[in-house]
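Chemist: prediction below, plus the sequence it came from.
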Amino acid sequence: MLLTNPRAPLPAALAAISTVLLLTYLYFHASLDAGPHLLSIKASTQPAQLSQCPPASAISNIVLSIKTGATEAFEKLPTQLLTILQCADTLLLFSDLEQDIHSLHIHDVLSRYNPDFLAHHADFELYRKQKEYQAEGRDIQTLSTMKDSNSDWRTAGHNAAWALDKYKFLHMIERAWELQPDKDWYVFAETDTYIVWRNLMQWLQRFDPSEPLYLGRGEPMKKEEGDGFYFAHGGSGFVLSRAAMYDFCVTKKGLASRWDARIPDLWFGDYVVAKALKEELDLNLTSAAPMFSGHKPMSLPIGAGIWCRPVITQHHLRSEEVQTLWMLEDQFYTNSSTSSLPHIRFSHLFRDILSGVKFPELRSEWDNLSQDNVYTVKTPRTKAQAHNKPEERTGEPTVESDPNSSPDACHAACEVVETCFHWDEKSQQLWRYVADRTGIMAYATLPLIWTFAGRNNVLTWATVLAIVHSAVYTWLFVEFEGWGMFRREFTQLWLLLGVVATVTMCLLLLFSVSWLRIKFYEIFLVLHILLSVVTLVGCFLHTSIFDARYDAYLWPIVIVWLLDRALRLLRLIACNIHVRLGKQVINRTRSIASYSKESDVIRLDIRTSSFLAQPAAGQFYYLYQPSTWQGYENHPFTLGAWSSQSSASEDADTYLLQHDDLPNEFDQSDFGSKYQSTVQNLTFWIRPYDGWTRRLRDECFQSTEGIMEPTILLEGPYGHHCHLSSFDSVLLIAGGTGIASAVPYILEHMALSKAGKSDTTHMHLLWTVRQAYFIKEVFGQELRTAAQRDDFSADLFCTRQSEGPKHGEEQQPRGEENEYLRSRLQYGRPDIAAAIAKAATRGEKTGTKVAVLVCGPPAMADEARLAVHRSLKHGCHGLEYFEESFGCVIASIITTFPWADLNAWAGQIIARNNKSYMYLPMRRRGGNMAIGVAVANSITGPWKDAIGKPLLENGRIDPTVWIDDNGQAYLYFANPGLFYVKLNPDMISHSGSIVQVPTSVASFGSGREPDGTTFAEGPWIYKRNNMYYLVYAANCCSEDIRYSTGPSITGPWTYHGIVMASAGNSFTNHPAIIDFKGKSYFFYHNGALPGGSGYTRSIAVEAFAYNSDGTIPLLTMTNAGAPQIGTLNPYTRNEAETMAFSSGIQTQAMTEGGIAIVNIENGDYVKVAGVAFGNGAKSFSARIASATNGGKIELRLGSVTGTLVGTCNVPGTNQRMADLADGILCYQWSNWD
């Protein structure tokens, strides 16, 4: 038997409790500043010579252009050259005069200006004077006080140098590209600008230089340009990307010269840059405020928006202030306690750097906006008091704290006071807490996920936490930084890999669905390993910016994973290699595999002498076949049986297992002993499906007589043991190869009973298989002895009708079968609920304990679990339920369509040729969606696959059939797209090619589907009054219902609009329209009943009337539904499932056809309405079966508590319903009407 989700030895409840405690601790006790600050980025390793400078390689593509003037160059440049300009890898100096300072050349950026302006314009008077002074050797600095001779109001009150400055900017940009083309970034600053190089370098890494970008601190020009126009303040510095410079200097070559004549009428030079970029390149400013600052430390107004932001530039600094900041920046980096250099933030600038330093200017109340904000904390005296909440502490000192003394203090204060400078807004603070803490909690649970992976764990919450963490951080960034900043930030490796890690965790969750594990286990395995590795690497790199702070959560994963693989390897070696030092022999595991076509089961016998092989009930092993290309795969299988042999009889290298000679009886002397000196023969029963089991079956086919000797390796044992021997009676329920869970307990019972160690007096097996031959194989070997015991009985069922007796024959097994089978072999399905109820009732009457162990398909386990629950509710307290995992599911749909798996979708039934045809979309085993066709003599079945294969295989669903007036049948189907094909008269084949219906807005309206229309799925085709209607589910999801019409069954279709809006808690929908007895009815999905949701819905119906022009009116969902239009004739046979409403009961298809209501408990009812009793009824008859003690059926009028008009006593029939030909007749004492 194949297992897909084995249980772990650690109880799931313990794992859940541990997880809750861990998450609670992390949430309430994790450090408040455990999360990163908003703009925290890992700094580069500092160079040995200057701590303020990033590595040259990191800034080699940054060009720094310093704009100065001849009157100030010698005053300010020397200090800059000794400080911040030492970091520049590529430095350009621009002025209004060609000069040299030592080895540095200063370029005259105005030399190429319009000659007429240079010679005659008043603003260039200083430029001409400087040329004269330079030629005459006079002191140019004396011109610094020269007034502007121009009477323009824009320059009034300023000196001539200031008036000349605006003409430099555009030509400076062109010259920078000319001298240093194709660099990534061009930074433009002035001689009184201070640059924090490390912050600048890290900040620029957020952006893509191949995009045209204009970055700087924005200043508005509302009067001249209106709202929305900003220019980058030149003194704060501005940046142009490579793409922007190329467009400016190459694409728009000569731009600066073309603007020469316009500049005199414009304001400042930095405004000229913004205007030119906007008009010529349509390039707007991207704000870099407040990091690019127009203030110096003594004048900067600190506030809520800048406290935790990095400092990139400062402006208006005098030479001595530049020197002081340069020195203090060095001290800040040198004194840093972290392995990577922190970022200088405005908070550091005001507290850490400037504290106690006397600048040339003094500033009082430097913490202007925050000096009065304090918060109060109570300080515990002892460790015990530290665990109490502050409000619970008494007699403790109170401390007032300044929240603005440091980012950490502000961070803590944010929980106490509203005016906190760590966050821009209170809401931002709260959302940031959610983002940080969910991230930390997700990391903390990752080691536990790896530890308990695949073992019923509840720790997949970490994936949800990671999703919340990523989603909240993304929203924070977009909301407070802007979408453009987020896109640029996304190019950074740490952020990108965080997203990758979250996506791969989501994919891990998605690819854990049971369908994929069952159908494509190998793909599931490989995907999980690869995605887990990507997740782990992504997490390491995502949090690498925190200097290994969170690696402590990740390394345990690596250790656990490697340790798990190492233990697996050791188990493989121990299970499969046995070294006998005394004989100097090495034995290895040997195996024999045989496939029985009659039973469709592989029997795998494995011979091992490993000391780990100590067989017991409830064990399973992982099996490998290393000699194949997919030898890395391993699959869990339950140990079905075993036998022991003394190692003294072993011939190590020549022993060959003979399939027919394998020991079959369970030897008590071996049970419970130590097996170091014995050879174990382990037996596994394997149902071949896809993947490895199918390949193993094919290998058996290719070998002689279906028997082969593959190389199989064991890993185990795993699993748990149920102590069934302590119960007085045991009911074992098995489906198919689930018998592997039952046989070991039967053999254990035999051994313990012989030794007098078992309390069990009776063990009953209820086993259902598809092939009777499998029963004969097991009872002919493993259970041969058990079948002869008085304390063991069995009810055996075969569901394959083809193996049942022919008409007129008895079900009694042939004479040779009596040797193996003690009880009759029955054909059909067992009544599991009745068997459990019978065992529970017997136990309750005798005061004994009863165990029920189930191993079978989910439907079988569900039925058994429900039956046990009902028995417990009815007072059978000595009953206990055990369930073993069963991985390969056989659904009822598969018995009808053997080529399909578990996925069946919405279908349609249509009558023709005196038969009913059901068209049903299903997924092929290992393939895409396909549409099958089943046929039955009645609409209630039983159904049979008409052709033994899919009718259509193009991956679509939602079939609908219409037979046109000329007898031609059309099969429409959809999603994605809409198609039709012509069916042949036999209704089970088609002719011609598949036609795709064009979907256009004219045909299906404008909507949100991928093709731009409203058509989604669920088509329904019919004809009325020479008009064809196509009704469909629209605009997924949640869907509404719309329709189109056409002149023929093939269109063309014309869109008409909506029929029913989305409502009723229906995520998807599926319409149908019919005419019945002169009225029209609309069918749809409604999830309004209790427990209803997107996929747990009811079918609802509304009556309606067409408009006079044939259009369909707008309909609404109701709970009342359509009114009853006729009466129910009680004097003919009515099926029990005919109802107006019901409570508690379920319906079940009968093997002989038809539907029965089942699982009836006290208080359950079926309601019928509009019954025409005529003159009154005197008796009531019903076809009823009860395998237990029977019961009674009451007939009441009006309600479940209404007038009692009849009672039908039902005895315990101990028969199936098929045997009740005439039913049970019930009499009534008075008439009713």
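Modeler: Cool, got the structure. Residues are numbered from 1 along each chain as shown.

Chemist: confirm residue 1042 sits in a strand?
Modeler: Yes: with DSSP: H, G, I helix; E, B strand; the rest coil as the criterion, residue 1042 is assigned to a strand.

Chemist: list the buried ones in stretch 278-287?
Modeler: 278, 281, 283, 284, 285, 286, 287 (16 or more other CB atoms under 10 Å). Any C-beta I mention is one placed from the backbone N, CA and C, and that applies to glycine too.

Chemist: same question but for stretch 947-960, I mixed them up
Modeler: 950, 951, 952, 955, 956, 957, 958, 959, 960.

Chemist: now the residues you listed as TSV including pLDDT, distance to residue 138 and secondary structure?
Modeler: As requested, the buried residues of stretch 947-960 are exported to TSV (pLDDT from 0 to 100; distance: CB to CB, whole Å; DSSP: H, G, I helix; E, B strand; the rest coil):
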residue	pLDDT	distance to residue 138	secondary structure
950	91	99	coil
951	92	102	coil
952	91	97	strand
955	82	89	coil
956	88	91	coil
957	87	92	strand
958	91	93	strand
959	94	98	strand
960	95	98	strand
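
Chemist: residue 493: how many residues sit nearby?
Modeler: 12 (other CB atoms under 10 Å).

Chemist: could you do residue 1198 as well?
Modeler: 7.

Chemist: with residue 290 instead?
Modeler: 22.

Chemist: do the same with residue 633
Modeler: Neighbour count of residue 633, defined by other CB under 10 Å: 19.

Chemist: middle-most residue in this structure, spatially?
Modeler: residue 506 (3.5 Å; CA atoms, centre = their mean).

Chemist: between the buried residues of stretch 278-287, which is nearest residue 735?
Modeler: residue 286 (66.1 Å; CB to CB).

Chemist: do you know how far the nearest residue in space to the closest one that is not next to it in sequence is from residue 963?
Modeler: Distance criterion CB to CB, 6 or more residues apart in numbering; nearest residue to residue 286, sequence neighbours excluded, is residue 215 at 5.1 Å. Going from residue 215 to residue 963 by CB to CB, to the nearest Å gives 70 Å.

Chemist: of the two, give the one with the bigger neighbour count.
Modeler: Applying other CB under 10 Å to residue 215 and residue 963 shows that residue 215 carries more neighbours, namely 23 against 17.

Chemist: list the contacts for the more buried one?
Modeler: Counting by CB atoms under 8 Å, 6 or more residues apart in numbering, residue 215 touches 207, 232, 238, 239, 240, 241, 285, 286, 288, 292.

Chemist: at 7 Å what do you get?
Modeler: Shown in contact with residue 215 (CB atoms under 7 Å, 6 or more residues apart in numbering): 238, 239, 286, 288.

Chemist: test my guess that the second one contacts residue 189.
Modeler: This points to residue 239. No: here residue 239 lies out of contact with residue 189, judged by CB atoms under 7 Å, at a distance of 9.6 Å.

Chemist: secondary structure class for the residue nearest to the centre of the chain?
Modeler: Relying on three-state DSSP, one would call residue 506 helix.

Chemist: next one: it relative to residue 512, how far apart?
Modeler: From residue 506 to residue 512 the distance is 11 Å (CB to CB).

Chemist: likewise residue 1056?
Modeler: 44 Å.

Chemist: compare those two and say which one has the larger neighbour count.
Modeler: Of the pair residue 1056 and residue 512, residue 1056 is the one with more neighbours under other CB under 10 Å, namely 18 against 15.

Chemist: am I right that that one is in a strand?
Modeler: Yes: residue state for residue 1056 (three-state DSSP) corresponds to a strand.

Chemist: contact partners for it?
Modeler: So residue 1056 contacts 1043, 1044, 1045, 1111 (CB under 7 Å, 6+ apart).

Chemist: so which strand or helix has the third one?
Modeler: Okay, so that is residue 1045. strand 1040-1046 (DSSP states H and E).

Chemist: just checking: what are the partner strands of that strand?
Modeler: strand 1027-1034 (antiparallel), strand 1054-1060 (antiparallel) (DSSP bridges).

Chemist: and among those strands, the most buried is which?
Modeler: Here the criterion is mean neighbour count by mean count of other CB atoms under 10 Å, and of the strands paired with strand 1040-1046 the winner is strand 1027-1034, at a mean of 24.

Chemist: can you get me a residue count around residue 560?
Modeler: Neighbour tally, residue 560, other CB under 10 Å: 18.

Chemist: what's the separation between residue 956 and residue 277?
Modeler: 53 Å.

Chemist: ignore the last one, residue 1039
Modeler: The value you get for residue 1039 to residue 277, if CB to CB is used, is 49 Å.

Chemist: which stretches of the stretch 1-150 of the chain form strands?
Modeler: 62-67, 90-95, 99-101, 104-108 (DSSP state E, counting those that start in this stretch).

Chemist: on that earlier part again, quick one: mean pLDDT for the strand holding residue 1045?
Modeler: Strand 1040-1046 comes out with an average pLDDT of 95.

Chemist: please apply the same query to stretch 750-768.
Modeler: For stretch 750-768, the per-residue pLDDT averages 91.

Chemist: got the CA positions of that stretch in PDB?
Modeler: Extracted C-alpha coordinates of stretch 750-768, given in PDB (Å, rounded to 0.1, in the frame of the first residue of the first chain):
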ATOM      1  CA  MET A 750      -2.800 -14.900  16.500                       C
ATOM      2  CA  ALA A 751       0.700 -14.800  18.100                       C
ATOM      3  CA  LEU A 752      -0.400 -13.000  21.200                       C
ATOM      4  CA  SER A 753      -3.500 -15.200  21.700                       C
ATOM      5  CA  LYS A 754      -1.300 -18.300  21.500                       C
ATOM      6  CA  ALA A 755       0.900 -16.800  24.200                       C
ATOM      7  CA  GLY A 756      -2.000 -15.700  26.300                       C
ATOM      8  CA  LYS A 757      -1.100 -12.100  26.000                       C
ATOM      9  CA  SER A 758      -4.200 -10.700  24.200                       C
ATOM     10  CA  ASP A 759      -7.500  -9.600  25.500                       C
ATOM     11  CA  THR A 760      -9.100  -9.800  22.100                       C
ATOM     12  CA  THR A 761     -11.700 -12.600  21.800                       C
ATOM     13  CA  HIS A 762     -12.900 -11.800  18.300                       C
ATOM     14  CA  MET A 763     -11.500 -10.000  15.200                       C
ATOM     15  CA  HIS A 764     -13.600  -9.300  12.200                       C
ATOM     16  CA  LEU A 765     -12.200  -8.200   8.800                       C
ATOM     17  CA  LEU A 766     -14.400  -6.200   6.300                       C
ATOM     18  CA  TRP A 767     -12.400  -5.900   3.100                       C
ATOM     19  CA  THR A 768     -13.400  -4.400  -0.200                       C
END
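
Chemist: how about low-confidence regions in the stretch 101-250 of the chain?
Modeler: Scanning the stretch 101-250 of the chain with the threshold set as pLDDT under 70 gives 148-158.

Chemist: if we can go back for a sec, and the helix or strand hosting the residue nearest to residue 286, which strands flank it?
Modeler: Assigned by DSSP H and E, residue 215 belongs to strand 214-216. Here strand 214-216 has these sheet partners by DSSP bridges: strand 238-241 (antiparallel), strand 286-287 (parallel).

Chemist: and the helix or strand just after that strand, how far out from the chain middle?
Modeler: Moving toward the C-terminus from strand 214-216, the next helix or strand (DSSP H and E) is strand 218-220. A distance of 44 Å separates the centroid of the chain from that of strand 218-220, by CA atoms, centre = their mean, to the nearest Å.

Chemist: go on, stretch 209-226?
Modeler: Counting by CA atoms, centre = their mean, stretch 209-226 is centred 42 Å from the centre of its parent chain.

Chemist: so which bits of that stretch are buried?
Modeler: Those would be 209, 212, 213, 214, 215, 216, 217, 218, 219, 221, for stretch 209-226 by 16+ other CB under 10 Å.
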